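Student: just coords:
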């Protein structure tokens, strides 16, 4: 498919024109290979996220950073989404040692429990499966 392009050079006050030929093809073999590669990357990313699900830690920012790093490393940020949930528990801690009485002084201590959940994004994966066209450009 022949296409032409124009560009104006403001420095020299001159127009430039060139022609390029685009060849747009669909290769079923390449599409299968890329889909298989995406599936492998998704499985590897899910396996890497599993320890974070089991032991998310105490800091939400660190957990967010680790999960983002994993998705970026396996190039699946568009195909996997995750959420971090926080639950707060307030424990009653008595200030004096020994068995507490109803009048013993105490304080409330807040504990944060994080949980990480992830899931595949079906719409993005479906669009990856459907849009496997390759464009080759020749000048």
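Tutor: Thanks, I have it. Small disclaimer: the values here were computed from a predicted structure and weren't measured.
Student: rest of the way, CA atoms for contacts and neighbours
Tutor: Noted.
Student: which residue sits closest to residue 35, ignoring its sequence neighbours?
Tutor: residue 129 (6.5 Å; C-alpha to C-alpha, 6 or more residues apart in numbering).
Student: mind pulling the model confidence for that neighbour?
Tutor: Looking at residue 129, its pLDDT reads 84.
Student: and the regular element (helix or strand) spanning it, what's buried?
Tutor: Per DSSP states H and E: residue 129 is located in helix 122-130. Using 16 or more other C-alpha atoms under 10 Å as the burial criterion, the residues of helix 122-130 that qualify are residue 125.
Student: gap between the residue positioned nearest the centre of the chain and residue 33?
Tutor: The residue lying closest to the centre of the chain (C-alpha atoms, centre = their mean) is residue 77, at 2.7 Å. In this view, residue 77 and residue 33 are 20 Å apart by C-alpha to C-alpha, to the nearest Å.
Student: longest helix of this protein?
Tutor: In the chain, taking DSSP state H as the definition, the longest helix is helix 28-54.
Student: how far does that one sit from the chain's center?
Tutor: Its chain's average C-alpha position is 12 Å from that of helix 28-54, according to C-alpha atoms, centre = their mean, to the nearest Å.
Student: packing partners for it?
Tutor: If you count contacts as 3 or more C-alpha pairs under 8 Å, 6 or more residues apart in numbering; DSSP states H and E, helix 28-54 packs onto helix 60-73, strand 106-120, helix 122-130.
Student: the closest residue to residue 49 other than its chain neighbours and residue 86: what is the separation?
Tutor: Leaving aside its chain neighbours, residue 49 sits nearest to residue 67 (6.8 Å; criterion: C-alpha to C-alpha, 6+ apart). To residue 86, residue 67 is 16 Å away according to C-alpha to C-alpha.
Student: neighbour count winner among the two?
Tutor: A count of neighbours by other C-alpha atoms under 10 Å puts residue 67 above the other of residue 67 and residue 86, at 24 against 14.
Student: hmm, back to that, from the contact counts, what lies against the helix holding residue 129?
Tutor: Counting by 3+ C-alpha pairs under 8 Å, 6+ apart, helix 122-130 packs on helix 28-54.
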